[in-house]
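Q: Following is a predicted model, sequence given first.
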Amino acid sequence: MGAQVIERHFTWNRKDPGPDHAASIEKKELINMIKQIRQVEILLGNEKIKRTRSEQKNLLMRKSLVAKHDIPKGAKITPSMITAKRPGNGLWPTFTNINKIIGKITKKKISTDTILTKEMFQ
């Protein structure tokens with residue numbers, strides 16, 4: 001997980017005389033080891049996470065936090081004021097996001113079914 005170099009002893013014939021030949025790998029094993037290393041590199045991926053086409057299409061299936069009913073300007077948000085509905089292009093209904101807005105004060109009136117964003121609250 002971060003190795004830059006892999007050292008492995010190589011020999012053309014393990015039966016050759018000398019101390020390292022018996023513990024070394026031969027051509028077929030080296031080729032196999034390189035294939036496995038390349039496979040691991042692919043499986044590990046990289047730090048750039050991209051949505052696949054199928055994930056992109058399914059974003060419409062996700063939900064967002066929305067106003068369950070009209071919420072007046074200056075109201076303190078309670079759990080009974082919010083619900084989750086499609087589409088998922090607002091705050092996702094995770095415990096973290098719910099806890100971020102519970103107890104917050106609204107900056108303006110929020111109409112029923114409006115998708116909630118962090119910017120709506122003080």
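A: That came in fine, so what should we check first? Numbers count the residues shown, from 1 in each chain.
Q: What ranges does the protein have for its helices?
A: 27-44, 53-58, 95-101 (DSSP state H).
Q: just the ones you listed: most buried one?
A: Mean neighbours per residue, mean count of other CB atoms under 10 Å, is largest over the helices of the chain for helix 95-101, with a mean of 13. In short, each C-beta sits where N, CA and C put it, glycine included.
Q: Can you list the helices and strands that that helix packs against?
A: Using 3 or more CB pairs under 8 Å, 6 or more residues apart in numbering; DSSP states H and E as the contact test, the elements touching helix 95-101 are strand 64-67.
Q: now for the strand it packs on, which elements pack on it?
A: On a contact count with 3+ CB pairs under 8 Å, 6+ apart, strand 64-67 meets strand 82-85, helix 95-101.
Q: run the last query once more with 7 Å
A: The criterion is 3 or more CB pairs under 7 Å, 6 or more residues apart in numbering; DSSP states H and E, and the helices and strands that strand 64-67 contacts are strand 82-85.
Q: List the neighbouring strands of the strand it packs on plus their orientation.
A: Looking at strand 82-85 with DSSP bridges, its partner strands are strand 64-67 (antiparallel).
Q: Show me this structure divided up by domain.
A: According to automatic domain parsing, the chain is divided into the following domains: 1-49, 59-120.
Q: looking at these, which has the lowest confidence?
A: When mean pLDDT is averaged over each of those, domain 1-49 scores lowest at a mean of 88.
Q: quick one: which of the helices of the chain is nearest residue 73?
A: Go through these one by one with CB to CB and the one that ends up closest to residue 73 is helix 95-101, at 15.2 Å.
Q: Mind listing residues that contact the closest one?
A: When contacts are defined by CB atoms under 7 Å, 6 or more residues apart in numbering, helix 95-101 is touched by residues 65, 77, 91, 116, 121.
Q: cool, and stretch 14-26?
A: So stretch 14-26 is in contact with 8, 9, 10, 11, 33, going by CB under 7 Å, 6+ apart.
Q: again, 6 Å this time
A: Stretch 14-26 is contacted by residues 8, 9, 10, 11 when judged by CB atoms under 6 Å, 6 or more residues apart in numbering.
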